[in-house]
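Q: got a sequence here, can you model it:
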Amino acid sequence: MKRRLHFLLLSLALAGAGVFSGKVVGAELSAGEFLERVRHPAAAESYARMKGIMQHRPDGGRMETLPVALTVLIRRDGTRAELLIDGREGYRINQKRSGETRVEPFGTTLRPEPAARRFGLRPTDLSMSFLFYDLVREESGTLVKGIPCRVLVLEAPDRSEVVRVYVARSYFFPLKAEFFASREALSGDPVRTLETGSFKKKNDLYYAEILNLYGPDGRSRVHFSEAELGTPDAAAEERLFGKEKAATPSVPQEGV
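A: Residues are numbered from 1 along each chain as shown. Predicted coordinates for the structure are as follows:
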């Protein structure tokens, strides 16, 4: 394509950027080269500030709905994001270009346990830190929502989980991620699946309007009904994050 289109995703959901570009043909790259392009898209800097709702229905249970807000700033040296659930449960996410990710919980835990945990959402998914797992192999390509994808199997360095990622072959962007407990479990059902439900365009930028997360114990959905997207200026970081209130971290990270 002649012009670049940047995708801002939650995820997750989760908050990363990809580029549509006709200069590199994804099908011609080796698996390792393709993965590096996915990890480090040749994108301009961008930001997104989104608001909406998170919904979760456990199997046999009632639907729970909470307001959610996500702010993302993507610079060439890394990504900074803040997730706020129900105006109380917060997570600050900082990811370096190397993929090293740090999550700082803040605010008040939503009882009886953090909502992120109940909903099956990991804050690190929002910066797609799983893309920096070790490459195990490439599997046969397939279609996701009619888009040709290359399928990569990645494993966490500590071998705590394995993820099968479906990446749009021409756009270098992950459309779906399936998480498993181990390599041996890849032949069975995933522990959880993260998938983009729909995209929406604003200011020549696309963001994930709907994200679906599901597993054997229930389903979750994130729907962003409001979004501000653009190219950051020198004061963007202060404007987007400068009004954060200092809070003693009280939301446990374990299991989130």
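Q: so where do the strands sit in the stretch 51-200 of the chain?
A: In the stretch 51-200 of the chain, the strands defined using DSSP state E, counting those that start in this stretch lie at 64-75, 78-85, 89-96, 101-107, 134-144, 147-155, 162-168, 173-180, 192-202.
Q: right, and those strands - which one's nearest V38?
A: Across these, the minimum distance to V38, taken as Cβ to Cβ, is reached by strand 162-168, at 5.6 Å. C-beta here means a position set from N, CA and C on the backbone, and glycine is covered the same way.
Q: send me the closest one as CSV with only the CA atoms.
A: The C-alpha coordinates for strand 162-168 follow below in CSV (Å, rounded to 0.1, in the frame of the first residue of the first chain):
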residue,chain,number,x,y,z
VAL,A,162,3.5,-21.4,25.2
VAL,A,163,1.6,-19.1,22.8
ARG,A,164,0.4,-19.8,19.2
VAL,A,165,0.2,-16.5,17.5
TYR,A,166,-1.7,-15.9,14.2
VAL,A,167,-0.1,-12.9,12.4
ALA,A,168,-1.5,-11.2,9.3
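Q: any figure for the gap between L73 and E161?
A: According to Cβ to Cβ, to the nearest Å, L73 and E161 sit 27 Å apart.
Q: kindly apply the preceding question to I85 instead.
A: With Cβ to Cβ as the criterion, I85 and E161 are 23 Å apart.
Q: report how many residues lie close to L175.
A: 20 (other Cβ atoms under 10 Å).
Q: now it, nearest residue through space, not along the chain?
A: The spatially closest residue to L175, leaving aside those adjacent along the chain, is V144, at 4.5 Å (Cβ to Cβ, 6 or more residues apart in numbering).
Q: so which helix or strand takes in A234?
A: A234 is part of no helix or strand, with elements assigned from DSSP states H and E.
Q: and the strands of the stretch 51-200 of the chain as JSON lines, adding distance to R49 and mean pLDDT?
A: Below are the strands of the stretch 51-200 of the chain laid out as JSON lines (distance: least, Cβ to Cβ, whole Å; pLDDT from 0 to 100):
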{"stretch": "strand 64-75", "distance to R49": "5", "mean pLDDT": "92"}
{"stretch": "strand 78-85", "distance to R49": "10", "mean pLDDT": "90"}
{"stretch": "strand 89-96", "distance to R49": "14", "mean pLDDT": "90"}
{"stretch": "strand 101-107", "distance to R49": "18", "mean pLDDT": "89"}
{"stretch": "strand 134-144", "distance to R49": "27", "mean pLDDT": "96"}
{"stretch": "strand 147-155", "distance to R49": "27", "mean pLDDT": "96"}
{"stretch": "strand 162-168", "distance to R49": "25", "mean pLDDT": "96"}
{"stretch": "strand 173-180", "distance to R49": "21", "mean pLDDT": "93"}
{"stretch": "strand 192-202", "distance to R49": "11", "mean pLDDT": "85"}
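Q: L73 and E161 - which one has more neighbours?
A: L73 (21 against 17).
Q: so who does that one touch?
A: Y47, T79, R80, A81, P232, A236, E237, L240, F241 (Cβ atoms under 8 Å, 6 or more residues apart in numbering).
Q: ok, of the residues you listed, which one's closest to R192?
A: A81 (20.1 Å).
Q: report how many residues lie close to the closest one.
A: Counted with other Cβ under 10 Å, A81 comes out at 27.
Q: pretty sure it sits against L70.
A: Yes - between A81 and L70 there is a contact under Cβ atoms under 8 Å: 6.7 Å.
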